[in-house]
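*Asks:* show me how the following folds:
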Amino acid sequence: MSRSTANWVQKIWYGDSPVVWALVPLSWLYRTIITCNAYLVRLGVLRARRVPAPVIIVGNITVGGTGKTPLTIWLAKALKDRGYSPGIVSRGYRGKVGPVPVIASSASYTDIVGDEAILLASKSGCPVIVHPDRVAAAIKAIEIGADVIIADDGLQHYRLARDVEIAVIDGHRGFGNGRLLPAGPLRELPSRLESVDKVLVHRKAKEPREVLRRSSDTRPFHFDLRPVSIRRLDESERGNLADFAGRQVHAVAGIGNPERFFQLLESYGMIIKRHPLPDHATIAPRDITFGDDIAVVMTEKDAVKCRFPEAKKCWCIEVDVEFEGEEGDMLLDLVLEKLAPPQARQ
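*Replies:* Numbering: from 1, shown residues only. As a prediction, this is how the structure comes out:
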């Protein structure tokens, strides 16, 4: 998707463009398709396949970034600390892995496995298997030693049976205009949240909490992404964000919500020049070259795509997930209870 197209789509989904009305009939068609699909699943016509390990889905009901990938990394590390051997599966968005699942690593190419898989492999310390068929990817992960599967995204991939569903919501943008694709950002209706095990909100919502409520659980958990360091892409230097306070920087972000990243930098006192790119955009030297000596700062997800000489002196922000209060421990306890065999729950 080009930058101009991405901006146009964002204006429709999160603004007040009258073009939305031309897309509403297509949203009705999309709703018919997903309703029929859900009905066939309930009837058992479309069967979910269970793999020989418990499965955790970390997904969302909207298009675009909500913080799923950092949360997946956090969960994988937390389960490793509890003695599990997690395997992460990803569809490898914008990659082309071919017919056989591929094991991603920090040395993988984004045009094969996608940017998220490389980031997952680099930061989680867990095997990451990439394939559009998450069932095939999960089976491969189990074959190489995984005893629990975490699916980054995949809430709508019903072929893979799951034991835990976690839905992540962008607390600032919410559900946009509240319409289904392509007139809005929704992949499924908000009522889908009634059936997940837990709703997590990335940053507190500006809109009333009622928008995010479920009849079964009126209290979602909240988390944020806390910067832990800033480093050069060539690994020659590492520092604190406070060192950049008062400095002017070029901020580059090819994520679902670039403004979130820009505001993060501003909260640390940086004076930024915004350079938003479409989500998962391929980054070329021209995207990070501005003809001056001002530092260029980007996200970790963008950094894995910058393997050309011009990017060596750029900086990226490393982040960790931070929950409100004890909610991280509460989420992990919920997941562990679901993973325990039935006899252990008694």
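
*Asks:* reduced to three states, what does residue 98 come out as?
*Replies:* coil (DSSP: H, G, I helix; E, B strand; the rest coil).

*Asks:* count the neighbours of it for me.
*Replies:* Neighbourhood size, residue 98 [other C-beta atoms under 10 Å]: 9. The way it works is simple: take the backbone N, C-alpha and C, and place the C-beta from them, glycine included.

*Asks:* for the stretch 1-150 of the chain, just list every one of the helices.
*Replies:* 3-14, 20-43, 68-81, 110-113, 115-124, 134-143 (DSSP state H, counting those that start in this stretch).

*Asks:* winner for burial among those?
*Replies:* Ranked by mean neighbour count under mean count of other C-beta atoms under 10 Å, the helices of the stretch 1-150 of the chain are led by helix 115-124, which reaches a mean of 26.

*Asks:* these two touch, right, residue 321 and residue 68?
*Replies:* No. With contact defined as C-beta atoms under 8 Å, residue 321 does not count as touching residue 68 (10.8 Å).

*Asks:* tell me how far the nearest residue to residue 244 once chain neighbours are set aside lies from residue 251.
*Replies:* Setting aside the residues directly before and after it, residue 244 is nearest to residue 270 in space (C-beta to C-beta, 6 or more residues apart in numbering), at 5.2 Å. Computed as C-beta to C-beta, to the nearest Å, the residue 270 to residue 251 distance reads 8 Å.

*Asks:* which one of these two has more residues nearby?
*Replies:* residue 251 (24 against 20).

*Asks:* mind listing what residue 24 touches?
*Replies:* 179, 183 (C-beta atoms under 8 Å, 6 or more residues apart in numbering).

*Asks:* can you pull the pLDDT of it?
*Replies:* Looking at residue 24, its pLDDT stands at 96.

*Asks:* likewise for residue 218?
*Replies:* 60.

*Asks:* go on, residue 4?
*Replies:* Per the predicted model, pLDDT is 66 at residue 4.

*Asks:* which helix or strand contains residue 275?
*Replies:* Here residue 275 sits within strand 271-276, counting by DSSP states H and E.

*Asks:* so which elements touch the helix or strand just after that strand?
*Replies:* Proceeding N to C from strand 271-276, the next assigned helix or strand is strand 295-299, under DSSP H and E. Helices and strands touching strand 295-299, as assessed by 3 or more C-beta pairs under 8 Å, 6 or more residues apart in numbering; DSSP states H and E, comprise strand 248-253, strand 315-323.

*Asks:* these into TSV, with extra columns for distance to residue 231 and mean pLDDT?
*Replies:* Shown next, in TSV, are the helices and strands packed on strand 295-299 (distance: least, C-beta to C-beta, whole Å; pLDDT from 0 to 100):
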stretch	distance to residue 231	mean pLDDT
strand 248-253	14	98
strand 315-323	6	97
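
*Asks:* just name the most buried of the ones you listed.
*Replies:* By mean count of other C-beta under 10 Å, those have strand 248-253 as the most buried, with a mean of 21.

*Asks:* what about residue 260, how many neighbours?
*Replies:* With other C-beta under 10 Å as criterion, residue 260 counts 22.

*Asks:* SS state for it?
*Replies:* helix.

*Asks:* regarding the chain, what is its longest strand?
*Replies:* strand 221-232 (DSSP state E).

*Asks:* tell me the angle of that one relative to strand 295-299?
*Replies:* 140 degrees (axes from the mean of the first three to the mean of the last three C-alpha atoms, to 10 degrees).

*Asks:* strand 221-232 packs against which elements?
*Replies:* By 3+ C-beta pairs under 8 Å, 6+ apart, strand 221-232 packs against strand 198-202, strand 238-239, strand 315-323, helix 327-339.

*Asks:* which of the ones you listed sits closest to residue 262?
*Replies:* With respect to residue 262, and counting by C-beta to C-beta, the nearest of the helices and strands packed on strand 221-232 is strand 315-323 at 11.4 Å.

*Asks:* and the closest one, how far from the chain's centre?
*Replies:* 14 Å (C-alpha atoms, centre = their mean, to the nearest Å).

*Asks:* ok, residues contacting it?
*Replies:* Outside strand 315-323, the residues that reach it (C-beta under 8 Å, 6+ apart) are 67, 70-71, 73-74, 221-233, 241, 249, 261, 264-265, 295-300, 302-303, 328, 331.

*Asks:* just stretch 119-127 next, same as before
*Replies:* Against stretch 119-127 from outside (C-beta under 8 Å, 6+ apart): 69, 72-73, 76-77, 80, 85-88, 90, 103-106, 108, 128, 141, 144-146, 150, 152, 300-301, 304.

*Asks:* so how many other residues sit close to the nearest residue to residue 335 once chain neighbours are set aside?
*Replies:* For residue 335, ignoring the flanking residues on the chain, the nearest one in space by C-beta to C-beta, 6+ apart is residue 164 at 5.5 Å. By other C-beta under 10 Å, 21 other residues sit near residue 164.

*Asks:* in the sheet, who's paired with residue 164?
*Replies:* residue 56 (DSSP bridges).
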